[in-house]
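Engineer: sharing a model prediction with you, sequence too.
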Amino acid sequence: MPLRSRILVALASLLAVLALLGGWVDRQLLNTDDWTATSAALLRDDAVRVPLADELSSQLADGSRTREALQEVLPPRLQPLAGPAGSLVADGVQRAVQRILASGKVQQVWVTANRLTHQQFVKLVNGEGTVINENGVVLDLRPLAGQIAAQVGIDPSVVDRLPADRGRIVIVRPHNLETLQKAGDVLGLLSWLPGVLALALYALAVWLAGNRPDGRRRALLASGAGLALAALLVLVVRRVAGNHVVDALTSGGPLAPAAHATWQIATTLLAELAAVMVIVGVGAMVGAWLAGDGKRARWLRARFAPGLAERPDLAYGLAALVYLVLVAWGPLSVLRRPLAIVIFGVLLLAGVAAMRAQVQRELAAPAAAGAAAGAAPPSD
């Protein structure tokens, strides 16, 4: 493979890393439906739900406030019981809140709050909308706290009496909006430009390698390896960065499991996109290997040559059947999206067509050589 093709493959692989990150940001962080699904998954995770229940229950039934209230109404002889009673009330509310958070009705309130917040976030990223009350983007958990309070037998008005900063999580502060909007322009380009450039450079590398024998096959093999390595690099960065972020935010404290679970769930789509890229890269490598002159590759082509060359209906039908089973199974969310289903389907059919064309050429070569030998005049 010529040097220029190697350079192009290396540049395309670096762009593939950016394409993965840009695709994840565009679909995970800037897509309201995907973010809403992520928020629902967060609440279903015990490592996230339990700390959230602790925070909500501490706001609804503070043990110290309960103890002070009991001390006011209990006679002097029974006032020593106010402390244990306050702790029992707080513990009971905490367990009740954990149970209620697992219910579908309350989870829907959580999802709705996240959807509204994310819609506001996306509008601000796109330069639309305004800052409400100079608060920036805020996730308001008070409706969730009020519904939980009603279900555990606490007056929902207790939520209204909470301090202004309780029950509201600031996602983006007003002074960060200008930076956020500038970043939105960059994120918009990262969502598609690196991917288009990477595909163009891979295709150019394969095309330029056609001047040498077996050059395009080797270029395709290198492109598949570069694509797979780029995806594996993203997976490694995801793990290392996740550990660093969790340690920086929690310092190994009690919230570390919740932060780790949040990172894992929030980057699930990134991991799936990387896994698909690994599969595509390995598929390109396998295809390039099957088209090569190795003994095992020639043996495999010889075994399947009659079916590929003479029964196109069987070749395409079997490939389509395997692909439809994979799509119906849906192990990756990427394979549940119409555009991705079409793209990977076209790539699979193109691979089968290329293999059929090579097998037909190889089967035709001996026949042509025999015909040429029969047409040659006998030698003296």
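Structural biologist: In hand now; what should we look at?

Engineer: domain parsing of this protein, as residue ranges.
Structural biologist: The chain resolves into domains spanning 31-182, 185-365 when parsed by automatic domain parsing.

Engineer: and the ones you listed: which comes nearest residue 3?
Structural biologist: Evaluated with C-beta to C-beta, these place domain 185-365 nearest to residue 3, the distance being 10.3 Å. For the C-beta atoms, the positions are set from N, CA and C on the backbone; glycine is no exception.

Engineer: now the closest one: mean pLDDT?
Structural biologist: Throughout domain 185-365, pLDDT has a mean value of 85.

Engineer: now that domain: how far from the chain's centre is it?
Structural biologist: 16 Å (C-alpha atoms, centre = their mean, to the nearest Å).

Engineer: doesn't residue 355 make contact with residue 308?
Structural biologist: Yes. In this structure, residue 308 is within contact of residue 355 by C-beta atoms under 8 Å, at 6.3 Å.

Engineer: just the helices in the stretch 201-350 of the chain please.
Structural biologist: Using DSSP state H, counting those that start in this stretch, the helices of the stretch 201-350 of the chain run over 215-250, 256-266, 268-290, 295-310, 312-329, 338-375.

Engineer: among the ones you listed, which is nearest residue 107?
Structural biologist: Here helix 256-266 is closest among the helices of the stretch 201-350 of the chain (C-beta to C-beta), at 14.4 Å.

Engineer: list of residues touching the closest one?
Structural biologist: With contacts defined as C-beta atoms under 8 Å, 6 or more residues apart in numbering, helix 256-266 is touched by 28, 38, 41-42, 45, 47-48, 50-51, 242, 245-247, 249-250.

Engineer: show me the helices in the stretch 1-150 of the chain, by range?
Structural biologist: 3-24, 32-44, 46-60, 63-73, 82-101, 104-125, 142-151.

Engineer: residue 274: which of those helices is closest?
Structural biologist: Among the helices of the stretch 1-150 of the chain, if distance is taken as C-beta to C-beta, the winner is helix 3-24, at 5.9 Å.

Engineer: what comes up buried for the closest one?
Structural biologist: Neighbour counts over helix 3-24 (16 or more other C-beta atoms under 10 Å) mark 5-6, 8-9, 11-13, 15-24 as buried.

Engineer: and the contacts of stretch 37-48?
Structural biologist: 28, 49, 52, 101-102, 107, 110-111, 114-115, 257-258, 260-262, 265-266, 268-269.

Engineer: pull out the buried members of these.
Structural biologist: Here, 16+ other C-beta under 10 Å leaves 28, 49, 52, 101, 107, 110, 114-115, 257-258, 260-262, 265-266, 268-269 buried among the contacts of stretch 37-48.

Engineer: my read: residue 49 touches residue 99, true?
Structural biologist: No. Residue 49 lies out of contact with residue 99 (C-beta under 8 Å); the separation is 10.3 Å.

Engineer: nearest residue to the middle of the protein?
Structural biologist: residue 269 (0.6 Å; C-alpha atoms, centre = their mean).

Engineer: wait, what's in contact with that one?
Structural biologist: Residue 269 neighbours (C-beta under 8 Å, 6+ apart): 24, 27-28, 34, 38, 333.
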